[in-house]
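>>> kindly generate the corresponding structure for this input.
(2 chains)
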Amino acid sequence: MTTSTMALSSLRIPRSPAHTATIYLKETKYEFLKNFRIPMYTASVLSFPLMFYVLFGLFLYSKEAIGHTGAPTYLIATYGTFGVMGASLFGTAAGLSADRGLGWLQVKRASPMPPFAYFFAKVITSMVFSATIVLALFALGILFGGVRMPILEFAKLVGTLVAGSVPFSAMGLALGYFTGPNSAPPTINLIYLPMSFCSGLWVPFMFLPKFLQQIALVLPPYHLSQLALSVVGAGRNGSNLTHWEILIAFTMICMGVARIGFQRDQEQMYG
Amino acid sequence: MRATLEKISGEDVQSGFTVASLESVNKNYGSVQALRNVNFCVRAGEIAALLGPNGAGKTTAVKLLLGLTPPNSGKVRVLGGDPTNPENRTRTGAMLQVGRVPETLRVREHIDLFSSYYRNPMPASDVLAAAGLERLRDRKFAELSGGQKQRVLFALAICGDPDLLFLDEPTVGLDVEARRLLWEEIRDLARRGKTILLTTHYLQEADSLADRIVVINKGEIIAEGTPAEIKAQTSGKKIRCVTRLNLNAVRSIPGVIEVKEDREALEIRTSDAERVVRELLADDETVSGLEITAAGLEEAFLALTQDAVRNGNQTS
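I've put the predicted structure just below:
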């Protein structure tokens, strides 16, 4: 009995681009459906930023200005950042840690699924949820808060925030590789809630005490919120490029951490 | 030298072409040696069973064959290629033990997604029929019973119409009827030319399904052969009877290897059944419930694993 390989192993034809695209599409579609159909998931990811916005932006401070921007407009940028961050972290980290801890990821990896499709699906799904949150905030702001802005500015703000979901999806993947299914949600909360506060996402940056303002400079949500705020003219006169560079560097670091976690997983006996 | 072909043919099956193999494989997780110098192969068209107790290394062997983890030394070959290459998996299917499957997706959606990974998947209706899931196609996974969930995992393994199937403890948790149906389905797959490697600690399953059994314990292969060959490794017969003779008296009958109590009866293992029976009938005219059977796989397995332990103790 012999096994043999010849140059004929080049008979193995790679998938056509159309086939690969179909896989990526279906993977994303089902990842989205899977999350969307969990009422608590959809509700909690959407409701926190919306609730805060309604309370602070539409009730308490609706007639106030923050700096020289009206509160309802300013708070779309900050609560939008908060919502995007939450959607991305929970979308990726919680799902990944559960899939890993309970063996489902292993089933997917044992199949011919292209590994990258799994991550792609999670990132895109986070983007879709992020876009939904931002659009919902805008709907509230326009209908009840008197928010008005040129269409281009609106598109730029939505685009900035949705693009900003990528660094937090990367962060979620890194977290997902180093937490278990039960510890992931509390760990996420423990990290992202203080981070949001210190970045000026709840209490606007200019009202934070000086030492917290210093801390904010190294926090990714601060940089994303500054990019969003600068679209509506409420940024702190920093270079936008710096903010993008920091977010990109942050993304790369998280991907590196995720990769370490991926390799560590291969050497686990169970799970 | 033969090529690795895209399809396994009838001649491959005839010639015993090797479809998957572990060659001199060592695998450890930290300080735990999971597999020690393991050599075995799976041949085209056969049902091979990897049989061993929990913790023997069966799941590790399957993980290596699926390319989920690399060996520390030695070679793993699947369909002539390296199993860590995702392309290789377009011709294999796997049913693994899982704690969680996405609950909010429907049965047909799970099958749709997994089928999309393969080049020539089976039509969805065939997959549902083969796994007995036709009436459940729109059910969400959370709404299924334990046995039905197992059948979905089986469906995911076969939906791509793979040439080589890995089934890790496929009937765990199934009731008798469901287990029989799955066995039938597995036999049907083999009849259609597929190659199947299943792992199990359930002796009757290996006996009933496998063309060849590989017995593994504590990371080492301790025996290999057809079910008949494995059973022949322990000599003799098993006599069961209800007798008023006490245990020690029976034990002292010449030809008796071992005696065990089984509720109201005694189970006697012997290499010379006729002699022992003659002695029993002579010593006790009230003896009843007499049964003589060939030593089963369970005896063979226990003997093999105990021998391995004994030999291990002698050499260490």
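>>> would you map the strands across chain A?
Using DSSP state E, the strands of chain A run over A:65-66, A:69-70.
>>> what sits up against the last one?
Residues from elsewhere that reach strand A:69-70, judged by CB atoms under 8 Å, 6 or more residues apart in numbering or on different chains: A:64, A:145, A:146, A:147, A:229, A:232, A:233, A:234. Where you see a C-beta, it was placed from the backbone N, CA and C, and this is true even at glycine.
>>> and the stretch 51-200 of chain B, which of its residues are near chain A?
B:60, B:66, B:68-70, B:77, B:80-81, B:86-87, B:89-90, B:92-94, B:96-102, B:104-105, B:109, B:112-114, B:116-119, B:153, B:156, B:160, B:166 (CB under 8 Å from any CB of the partner chain).
>>> just the buried residues out of these, in ChimeraX syntax.
Entered in ChimeraX, the line below selects the buried ones among those, by 16 or more other CB atoms under 10 Å in any protein chain shown:
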select /B:60,66,68,69,77,80,81,86,89,90,92,93,94,96,97,98,101,102,104,105,109,112,113,114,116,117,118,153,156,160,166
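>>> out of the contacts of strand A:69-70, which are inside helices?
residue A:229 (DSSP state H).
>>> using CSV, write down the CA coordinates of stretch A:23-38.
C-alpha atoms of stretch A:23-38 as CSV (Å, rounded to 0.1, in the frame of the first residue of the first chain):
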residue,chain,number,x,y,z
ILE,A,23,-18.8,32.0,0.9
TYR,A,24,-17.8,35.4,2.3
LEU,A,25,-21.3,36.7,1.6
LYS,A,26,-23.1,33.7,3.2
GLU,A,27,-20.8,33.7,6.2
THR,A,28,-21.6,37.4,6.8
LYS,A,29,-25.3,37.0,6.2
TYR,A,30,-25.6,34.2,8.7
GLU,A,31,-23.4,35.9,11.2
PHE,A,32,-25.6,38.9,11.1
LEU,A,33,-28.8,36.9,11.3
LYS,A,34,-27.5,34.8,14.2
ASN,A,35,-26.9,38.0,16.3
PHE,A,36,-29.9,39.9,15.0
ARG,A,37,-32.2,37.1,16.1
ILE,A,38,-31.1,37.3,19.7
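>>> flag the shaky bits of the chain, pLDDT-wise.
Here I'm looking at chain A. Filtered on pLDDT under 70, chain A yields the residue ranges A:1-13, A:269-271.
>>> not quite, I wanted chain B
Per-residue confidence for chain B (pLDDT under 70) gives these ranges: B:1-15, B:233-235, B:295-296, B:307-316.
>>> now do the contacts for the spatially most central residue of chain A.
Nearest to the geometric centre of chain A sits residue A:88, at 2.5 Å (CA atoms, centre = their mean). Residue A:88 is in contact with A:126, A:129, A:130, A:165, A:166, A:168, A:169, A:171, A:172, counting by CB under 8 Å, 6+ apart.
>>> roughly how far apart are the fourth one and chain B?
Between residue A:165 and chain B the distance, using CB to the nearest CB, to the nearest Å, works out to 22 Å.
>>> try the fifth one
With the distance defined as CB to the nearest CB, residue A:166 ends up 23 Å from chain B.
>>> just checking, that residue touches residue A:123?
Yes - Residue A:166 is in contact with residue A:123 according to CB atoms under 8 Å; the separation is 6.5 Å.
>>> quick check, residue B:81 in contact with residue B:90.
No - contact criterion CB under 8 Å: residue B:81 and residue B:90 do not qualify, at 10.7 Å.
>>> strands of chain B, start to end?
Going by DSSP E, chain B shows strands at B:18-29, B:32-43, B:47-51, B:73-78, B:92-95, B:164-168, B:195-200, B:212-217, B:220-225, B:237-242, B:256-262, B:265-270, B:288-294.
>>> got the buried residues for the first one?
By neighbour count on 16+ other CB under 10 Å, the buried set for strand B:18-29 is B:18, B:19, B:20, B:21, B:22, B:25, B:27, B:28.
>>> near chain A, from these?
Okay, of the buried residues of strand B:18-29 touching chain A (CB under 8 Å from any CB), that's B:18, B:21.
>>> how many neighbours does residue B:177 have?
Residue B:177: 9 surrounding residues under other CB atoms under 10 Å in any protein chain shown.
>>> got it, and residue B:240?
Residues near residue B:240, counting by other CB under 10 Å, number 15.
>>> tell me the contacts of it?
By CB under 8 Å, 6+ apart, the neighbours of residue B:240 are B:262, B:265, B:266, B:267, B:268, B:289, B:290, B:291, B:292, B:293.
>>> returning to what we had before: next step: the residues of the stretch 51-200 of chain B next to chain A restricted to helices.
Counting by DSSP H, the part of these found in helices is B:60, B:109, B:112, B:113, B:114, B:116, B:153, B:156.
>>> how about those in JSON lines, adding distance to residue B:215?
Listed next are those as JSON lines, based on distance: CB to CB, whole Å:
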{"residue": "B:60", "distance to residue B:215": "15"}
{"residue": "B:109", "distance to residue B:215": "40"}
{"residue": "B:112", "distance to residue B:215": "39"}
{"residue": "B:113", "distance to residue B:215": "37"}
{"residue": "B:114", "distance to residue B:215": "32"}
{"residue": "B:116", "distance to residue B:215": "38"}
{"residue": "B:153", "distance to residue B:215": "25"}
{"residue": "B:156", "distance to residue B:215": "28"}
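>>> just give me the closest of those to residue B:123.
Closest to residue B:123 out of those is residue B:112 (11.4 Å), distances taken as CB to CB.
>>> my read is that the closest one contacts residue B:124, right?
Yes - at 6.8 Å, residue B:112 counts as touching residue B:124 under the criterion of CB under 8 Å.
>>> can you map out the helices along chain A?
So, for chain A - with DSSP H - the helices run A:17-36, A:39-52, A:71-89, A:95-101, A:104-110, A:115-144, A:151-163, A:165-177, A:184-198, A:210-216, A:220-231, A:240-266.
>>> pull out the buried residues from the last one.
Counting neighbours by 16+ other CB under 10 Å, one finds that the buried residues in helix A:240-266 are A:243, A:244, A:246, A:247, A:250, A:251, A:254, A:255, A:257, A:258, A:261, A:265.
>>> leaving out sequence neighbours, find the closest residue to the fourth one.
The shortest distance from residue A:247 to any non-neighbouring residue, by CB to CB, 6 or more residues apart in numbering or on different chains, is to residue A:167 (4.8 Å).
>>> repeat for the third one
On the basis of CB to CB, 6+ apart, the spatially nearest residue to residue A:246 that is not a chain neighbour turns out to be residue A:223, at 5.0 Å.
>>> the one you found and residue A:249 touch, don't they?
No - in this structure, residue A:223 is not within contact of residue A:249 by CB under 8 Å, at 10.3 Å.
>>> what is the burial count for residue B:75?
With other CB under 10 Å as criterion, residue B:75 counts 11.
>>> run through the bridge partners of it.
For residue B:75, the beta-bridge assignment (DSSP bridges) gives partners residue B:23.
>>> got the contact list for residue B:68?
Residues near residue B:68 by CB under 8 Å, 6+ apart: A:106, A:109, A:110, A:266.
>>> switch the cut-off to 6 Å
residue A:109 (CB atoms under 6 Å, 6 or more residues apart in numbering or on different chains).
>>> again, but for residue B:124
Contacts of residue B:124 (CB under 6 Å, 6+ apart): residue B:111.
>>> likewise for the one 3 residues further on?
With contacts defined as CB under 6 Å, 6+ apart, residue B:127 is in contact with B:111, B:155, B:159.
>>> go ahead and confirm residue A:131 touches residue A:163.
No - taking contacts as CB atoms under 6 Å, residue A:131 lies outside contact range of residue A:163: 10.5 Å.
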